[in-house]
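>>> no sequence on this one, just coordinates:
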């Protein structure tokens with residue numbers, strides 16, 4: 001939707017609401033700083049969508065996707081994460 005400039009504030013707020021529910025459980029496994037970083041990027045995305053700054057909103061969404069994809073890998077017990 002963002003790529004086609006059709007996203008509205010309610011769309012992003014819906015994602016944010018979903019995240020708020022999920023992060024309650026993630027606090028057990030993920031450091032607060034990681035969760036806070038996602039919170040901040042989501043908040044920035046809401047503002048950019050409101051302002052119809054589509055290109056900036058897309059870049060924030062790409063960062064959010066990367067952060068979320070990295071969560072399982074970052075906190076797995078592996079040689080890379082131990083050292």
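Perfect, thanks for sending it. Worth saying up front: this structure is predicted, and the values here are computed from it rather than measured.

>>> C-alpha from now on. contacts and neighbour counts both.
Noted.

>>> Tell me which residues are up against stretch 23-38.
Here stretch 23-38 makes contact (CA atoms under 8 Å, 6 or more residues apart in numbering) with 64, 67, 68, 71, 75.

>>> what's the helix or strand for the third one?
Taking DSSP states H and E as the criterion, the element that holds residue 68 is helix 54-74.

>>> Name the residues of that helix that come out as buried.
By neighbour count, with 16 or more other CA atoms under 10 Å as the criterion, the buried positions of helix 54-74 are 54, 57, 58, 60, 61, 64, 67.

>>> Stretch 38-55 too?
Those would be 38, 39, 41, 42, 44, 45, 46, 48, 49, 50, 52, 54, for stretch 38-55 by 16+ other CA under 10 Å.

>>> hang on, the earlier thing: now do the helix holding residue 68: everything it contacts.
2, 3, 5, 30, 38, 41, 42, 44, 45, 48, 49, 81.

>>> Quickly check the residues you listed for the two that are furthest apart.
By the measure CA to CA, 5 and 81 form the most distant pair in the contacts of helix 54-74, at 39.0 Å.

>>> Mind checking which of these two has more residues around it?
Neighbour count, other CA atoms under 10 Å: between residue 5 and residue 81, residue 5 has more, with 13 against 10.

>>> Spatially nearest residue to that one (excluding sequence neighbours)?
residue 54 (6.4 Å; CA to CA, 6 or more residues apart in numbering).

>>> ok, the residue nearest to the spatial centre of the chain to residue 36 distance?
Residue closest to the average C-alpha location in the chain (CA atoms, centre = their mean): residue 64, at 3.7 Å. Residue 64 sits at a distance of 12 Å from residue 36 (criterion: CA to CA, to the nearest Å).

>>> cool, and residue 61?
Residue 61 is 16 Å from residue 36, by CA to CA.

>>> quick one: pLDDT of residue 81?
Per-residue confidence at residue 81 stands at 57 (pLDDT).

>>> circling back: ok, the contacts of stretch 23-38 vs residue 22, which is closest?
Nearest member of the contacts of stretch 23-38 to residue 22, counting by CA to CA, is residue 68, at 11.8 Å.
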